[in-house]
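Visitor: give me the fold of what follows.
(chains A and B)
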Amino acid sequence: MSPSSAAGLELRQLCRQVGDRRLLDRLDLQVAPGECVALLGPSGCGKSTTLRLVAGLDPASGGQVLLDGVDLTGRSPGERQVAMVFQSYALYPHLSVEGNLDLGLKVRGMAPRERQQRIDATLELLQLGELRQRRPAQLSGGQRQRVALARALLRQPRIVLLDEPMSNLDAQLREDLRPELRRLLCGREQPVIYVTHDQQEAVGMADRIALLDAGRLQQVGSPRELYTNPANRFVASFLGRPAINLLAIEPGRQLGLRPEHIHLADDGGVAARLLRREWWGHQQLLWLQTQWGALRVLTTAEAPMHPEPRLSWERQHELWFDAQSGARLPPP
Amino acid sequence: MSAPTVSLLLMLPALLLLASVFLYPLLRYGWLSLQASSVLTGLVPVPNGGANWGRLLDDARFWTDAGQTLRFALCSVSLELLGGLALALLLHRPLRGRGPLRALTLLPWALPTTVMALGWRWILNDPHGPINAAIRSLGGSSYGFLSTPATTWFFVVLADVWKTMPFVALLLLAGLQTIPVDLEEALRLEGASRLQILRRLTLPLLVPYLTLALLFRLAQALGVFDLIQVLTGGGPAGSTESLALYAYLNAMRFLDFGYASTVMLATFLLLLVSLGGGWLLLRRHGQGHATERAA
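Guide: Numbering: from 1, shown residues only, chains lettered A, B, ... in the order given. The predicted structure is shown next:
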C-alpha cells in the first residue's frame, strides 16, 4: 500500500518540542475512516498534544498529518474541517444552546435558512430541542457535554477529536453515555480520535487503543491485543485492574502475572500466606505474601479461603520482561 | 428578631459610616444651596428661598462649563476605552518581556495627577519647554500651546488619556484573563478570523468589564479638577474650566458658599444622569453575560 493513498487519517513521524522538552516523539498512527482510536496514557504522555497537532492548534515540530493522503500539516485549524470536543466543553457562555451551534456556521458564512435546518436536525439527533434557548450555565454537566457534541457534529467534519469528553461527568453518567457516544460518533465516515486517561473508557469506546507514555507510542492495537500480548512492561502494567504482578524471579528478568490468572490450589504450586482481602461483591482481591514478595490475586467472591494457600498458574499466561528496559522477552 | 431586622442591624455600622461621609455632606449641600451664605451675609447662612437655583438657570458660565465638562468626559473616556482595549489586547498576547512591559504601561497611572500635570505644563511651556526648544532648534518660533483654546483643550484631553488609559487597560486585561483559552480555540477551529473572534466572543464577554471601566472613568472625568487646576487653571479664557473647578472658585475665591453648594449639587445630578445612561447603554448590549459563565 502506498502510504500517500491511505484513506483516513495518518500521522507520520509527528513531533512536538517546546524548548528542550519533547512532548511528542515521532508518532506514527493511522485511523481508518469510521474507526475510533483511543489515545490512552497517564497525564503528560502526549495524548492531548497529539490532538492539538491534528487540530492545528499547535504547530508540529516535525512530521506530517495526512487526511486521505492530503497533507494538512501547514493548514490553519479553520481549514482542516476538524471538530473537537474539549474537556471543558468550551461552550460560549454568552450564547444560548442554539447560539452556540449557530456561531460556527455564521462565521463560515452559511445562509440563515441552511443554518437553521442543520441546527434543528442536530438538536433533534441529540434530543436537545427543549434546551435550545438555555444558556450553558443553566445546563447540567451531561447536557453541556451533549451540546458540545452537537456543536462538533453539526458541520459534518472530516475528523472528529475528543479530548477527555467525559472526565467532568460522574462515573454513573459516564457509563450511561458511552453507548450513546459510540452510536453518534463511530461508524460514520470520519476517523475519530478519543483522548482519555481512563482505560475502561478507552476499552468501551475505541476500536483500537494507542497507548502513549512520555511522548512515545508504546503499542497500538485492539484492547484484547494490548491486554493479552503487551509489547512491554508499561503496557502490561497500565492496562488491567487490579494491576499486573511483577515478580523478580530470576536475575535480569521479571515475570508478569495478572491477578486474575493466578489460581488457589490446595497442594503443589507456590506457598503463600494471606495478608489481606478486599471483598468487592462479585469478586475478591487477595493480598498474599510469597517468597518473591506480595502478590495480588483476584478470585470469585465465594472462593473458599485457606490461610496458607498454594498458588498456581498456566504457562500461557506468563509474561516475561527485561528487568532493566522493561522490554518483552520470550518465555524461558 | 426576624431575619431582615438582624441583617439590617448587622449592616448598621457600615451604613452609618457611609451616611456620615456621603449622605450628610449631600444633605448639607442641599440645605446650604437654599441659603445665601457669602461675604455679603458675613458668611452666615440666611435662607433666600431658592434664589441660588434661579441664578444657576441664568448663569451662562455654569452652562458653558457643563458643556465643556461633558465634552471633556466623553472625548477622553471614549479614547481611553478604545486605547485601553487595544493596549489590553496587546498585553494579553504572549510577548517576550510581557511582565516588565505591563508594569511599564502602568507608570503614568501611578504618578500623582498634580505631578504629571506639572510635568505636562513644563513640556508645553512657552518658550522654555522641551517641545518649543525642539521647534526653535529646527528654526521655527515657539508656540503657546496653552494660550489657544483649541490646543489647550487637545492637550488636556491628551494628558488625561495618557494618564488613565493604563488603568482601563489593566481592568480590561483582568477581564481578558477570565476568558478561557478553549473558547477562542473552539472558534478558531470553526475557521473564525481574529476579527471575528474579537467581535463574536471577546467583546461580548468583556462587556461587564467595559461597563465597569466606563462608569469608573465617567465618574472621575465628570468631576475632573486637579488636572485642569494645575495644567491650565481653567484657561485660557475659561475654555477648559470644568464644573468642579467652577464650584471650587465659587467657594474658595468668591467665598459664596451657598451658590458653590448649588453648583456642586447640580454637578452631582449631571453625574448621576450620565452614569445611569452609560450603564443602561452597555447593559442592553451585554444582557448579563459572563456573570453566568459556565463552570
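Visitor: quick one: B:Thr69 and B:Leu218 touch, right?
Guide: No: between B:Thr69 and B:Leu218 there is no contact under CB atoms under 8 Å: 11.2 Å. Backbone N, C-alpha and C define where each C-beta goes, glycine included.
Visitor: where exactly do the strands run in the stretch 201-332 of chain A?
Guide: A:208-213, A:216-221, A:245-250, A:253-257, A:263-265, A:270-271, A:273-279, A:283-290, A:293-300, A:310-312, A:319-322, A:328-329 (DSSP state E, counting those that start in this stretch).
Visitor: what's the closest of those to chain B?
Guide: Relative to chain B, the nearest member of the strands of the stretch 201-332 of chain A by CB to the nearest CB is strand A:208-213, separated by 21.5 Å.
Visitor: any idea how far apart the tips of stretch B:234-243 sit?
Guide: For stretch B:234-243, the separation between the terminal residues is 10 Å (CA to CA, to the nearest Å).
Visitor: residues of that stretch that come out buried?
Guide: Using 16 or more other CB atoms under 10 Å in any protein chain shown as the test for burial, stretch B:234-243 gives B:234, B:236, B:238-243.
Visitor: and for stretch B:75-84?
Guide: For stretch B:75-84, a neighbour-count test (16+ other CB under 10 Å) marks B:75-77, B:79-81, B:83-84 as buried.
Visitor: the residue in chain A that chain B sits nearest to: neighbour count?
Guide: Nearest to chain B, among the residues of chain A, is A:Gly78, at 2.8 Å (CB to the nearest CB). For A:Gly78, the count of nearby residues is 18 (other CB atoms under 10 Å in any protein chain shown).
Visitor: cool, B:Gly50 as well?
Guide: Around B:Gly50 there are 12 other residues, counting by other CB under 10 Å.
Visitor: up against chain B, what does the stretch 51-200 of chain A have?
Guide: Residues of the stretch 51-200 of chain A lying near chain B by CB under 8 Å from any CB of the partner chain: A:55, A:57, A:76-80, A:82-84, A:86, A:88-94, A:103-104, A:106-108, A:135-139, A:144, A:151, A:155.
Visitor: sitting in strands, which of the residues you listed do you find?
Guide: Using DSSP state E, A:82-84 are the members of those that sit in strands.
Visitor: turn those into TSV, including pLDDT and distance to B:Arg55.
Guide: Listed next are these as TSV, based on pLDDT from 0 to 100; distance: CB to CB, whole Å:
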residue	pLDDT	distance to B:Arg55
A:Val82	92	72
A:Ala83	91	70
A:Met84	92	69
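Visitor: and of these, the nearest to A:Leu51?
Guide: A:Leu51 has its nearest neighbour among those in A:Met84, at 7.2 Å by CB to CB.
Visitor: which two in the buried residues of stretch B:234-243 are spaced the farthest apart?
Guide: The largest separation in the buried residues of stretch B:234-243, counting by CB to CB, is between B:Pro236 and B:Leu243 at 18.3 Å.
Visitor: ranges for the helices of the stretch 101-250 of chain A?
Guide: For the stretch 101-250 of chain A, the helices defined by DSSP state H, counting those that start in this stretch cover A:112-125, A:141-154, A:171-185, A:199-205, A:223-228, A:233-238.
Visitor: okay, the ones you listed in TSV with mean pLDDT, mean neighbour count and distance to A:Asp267 next?
Guide: Shown next, in TSV, are the helices of the stretch 101-250 of chain A (pLDDT from 0 to 100; neighbours: other CB atoms under 10 Å in any protein chain shown; distance: least, CB to CB, whole Å):
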stretch	mean pLDDT	mean neighbour count	distance to A:Asp267
helix A:112-125	91	15	61
helix A:141-154	89	22	53
helix A:171-185	83	15	42
helix A:199-205	89	20	36
helix A:223-228	94	17	29
helix A:233-238	94	22	30
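Visitor: re the thing from before, secondary structure and distance to chain A added to the buried residues of stretch B:234-243, as CSV?
Guide: Converted to CSV, the buried residues of stretch B:234-243 look like this (DSSP: H, G, I helix; E, B strand; the rest coil; distance: CB to the nearest CB, whole Å):
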residue, secondary structure, distance to chain A
B:Gly234, coil, 44
B:Pro236, coil, 48
B:Gly238, coil, 46
B:Ser239, coil, 43
B:Thr240, coil, 41
B:Glu241, coil, 43
B:Ser242, coil, 37
B:Leu243, helix, 37
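Visitor: mind listing what's buried in stretch B:35-44?
Guide: Buried residues in stretch B:35-44, counting neighbours by 16+ other CB under 10 Å, are found at B:35-38.
Visitor: just the ones of those in strands?
Guide: Using DSSP E, these in strands are B:35-36.
Visitor: closest to chain A out of the buried residues of stretch B:35-44?
Guide: Relative to chain A, the closest of the buried residues of stretch B:35-44 is B:Gln35; by CB to the nearest CB it sits at 51.8 Å.
Visitor: which ones are touching the closest one?
Guide: B:45-48, B:52, B:258 (CB atoms under 8 Å, 6 or more residues apart in numbering or on different chains).
Visitor: just the buried residues of these.
Guide: Among these, the ones that count as buried by 16+ other CB under 10 Å are B:45, B:48, B:52, B:258.
Visitor: what's near enough to touch A:Arg328?
Guide: A:Arg328 is in contact with A:230-233, A:319-322, counting by CB under 8 Å, 6+ apart.
Visitor: now the buried residues of stretch B:35-44 as CSV including pLDDT?
Guide: Shown next, in CSV, are the buried residues of stretch B:35-44 (pLDDT from 0 to 100):
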residue, pLDDT
B:Gln35, 85
B:Ala36, 82
B:Ser37, 82
B:Ser38, 82
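Visitor: so which elements touch the helix or strand hosting B:Leu104?
Guide: Using DSSP states H and E, B:Leu104 maps to helix B:98-110. Packing partners of helix B:98-110 (3 or more CB pairs under 8 Å, 6 or more residues apart in numbering or on different chains; DSSP states H and E): helix B:60-92, helix B:149-177.
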